[in-house]
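Student: show me the folded form of this:
(one chain, ligands or ions: 1)
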Amino acid sequence: MDLEAQIRRDKLPRHVAVIMDGNGRWAAERGQPRVFGHRQGVRAVRAVTEAAAELGIPYLTLYAFSTENWKRPRTEVNALMGLLVETIRTEVRELNKNDIRLHAIGDLDKLPERSYKALLQGMKDTADNKRMTLTLALNYSGRWDILQAVKSICRKAEKQAEALTEEDFDRALCTAALPDPELLIRTSGEMRISNFLLWELAYTELYFTKVYWPDFSKEEFYRAILDFQRRERRFGGLSAST
Ligand code: FPP
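Tutor: Here you go, the predicted model:
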């Protein structure tokens, strides 16, 4: 069955966020080191980016490295950072060809210098692209972002506390340039938010699949979109039929 053909183009989520999980387990099942799983994970990143852009989804955000991921063995952290540099360098041409802008959220200037530079260069080289914004969450955590937003609001002290609005808070978050996600996908069977986009996920539809990230293909992405399109979104209100 052609899943892509079943997707309604007038009911696409504007923003899909993804917790890419299961690279390590995928590799272990094959008797390979964890880094092998991350390498395969990059293929899935490519497939999903392509699928989202082809469908016409304007924003895709991928959780590539959390604030907590620094706790992993140094060799794995280094490998992930190396993979990031390598991937950005090799994919910029493809991003430009497909009119995709690279963007990033997180405590970015604390990344290793080489990764930070590659990231800035990748963002600069794709800054004029319009079809889709691909955001990598790097050294990101939802609580970190909420705390840095509070700090920046306090520092500026432009308003009385009572006058602060949700929109003011939105603007202080590192996701200010992005609409809230309409769909969150998490792979590998874990059913947690894990400190991702805590404020922004308030009304997001959640989709969990047992598939490990390296096996997450275009077809799996279409499945998630179709599931989203079957849901009724009420935002705390009542459904049209009641
Ligand atoms: C989770 O699997 C995955 C990560 C922590 C990193 C995701 C990184 C990539 C897919 C590759 C690099 C990405 C880009 C955009 C260049 P896990 O290691 O937690 O797996 P496990 O839960 O099975 O141990």
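Student: so D145 sits against C174, correct?
Tutor: Yes - if you go by Cβ atoms under 8 Å, D145 and C174 touch, sitting 5.3 Å apart. Bear in mind the C-beta positions are built from the backbone N, C-alpha and C, glycine included.
Student: quick one: which of these two has more around it?
Tutor: Relative neighbour count places D145 above the other of D145 and C174, with 25 against 18, counting by other Cβ atoms under 10 Å.
Student: what mean pLDDT does the helix or strand harbouring that one get?
Tutor: According to DSSP states H and E, D145 maps onto helix 142-156. Across helix 142-156, the average pLDDT comes to 96.
Student: and the following helix or strand past that helix, which residues are buried?
Tutor: Later in the chain than helix 142-156, the nearest helix or strand by DSSP H and E is helix 166-172. Neighbour-count burial for helix 166-172 flags 170, 172 (criterion: 16 or more other Cβ atoms under 10 Å).
Student: helix 166-172: how far from the chain's middle?
Tutor: Centre-to-centre, helix 166-172 and its host chain are 20 Å apart (Cα atoms, centre = their mean, to the nearest Å).
Student: contacts for that helix, please.
Tutor: Defining contact as Cβ atoms under 8 Å, 6 or more residues apart in numbering, one finds that helix 166-172 is touched by 148-150, 152-153, 159, 176, 199.
Student: just those residues now: which is nearest S115?
Tutor: Nearest to S115 among the contacts of helix 166-172, counting by Cβ to Cβ, is Q148 at 19.8 Å.
Student: so how many other residues sit close to that closest one?
Tutor: With neighbours defined by other Cβ under 10 Å, the count for Q148 comes to 14.
Student: quick one: contacts for it?
Tutor: By Cβ under 8 Å, 6+ apart, the residues touching Q148 are 107, 172, 174.
Student: closest one of those to R14?
Tutor: C174 (18.5 Å).
Student: tell me if the helix or strand that contains L138 is near the ligand.
Tutor: Per DSSP H and E, L138 falls inside strand 132-140. Yes - interface with the ligand: strand 132-140 contributes L136 (Cβ under 6 Å from any ligand atom).
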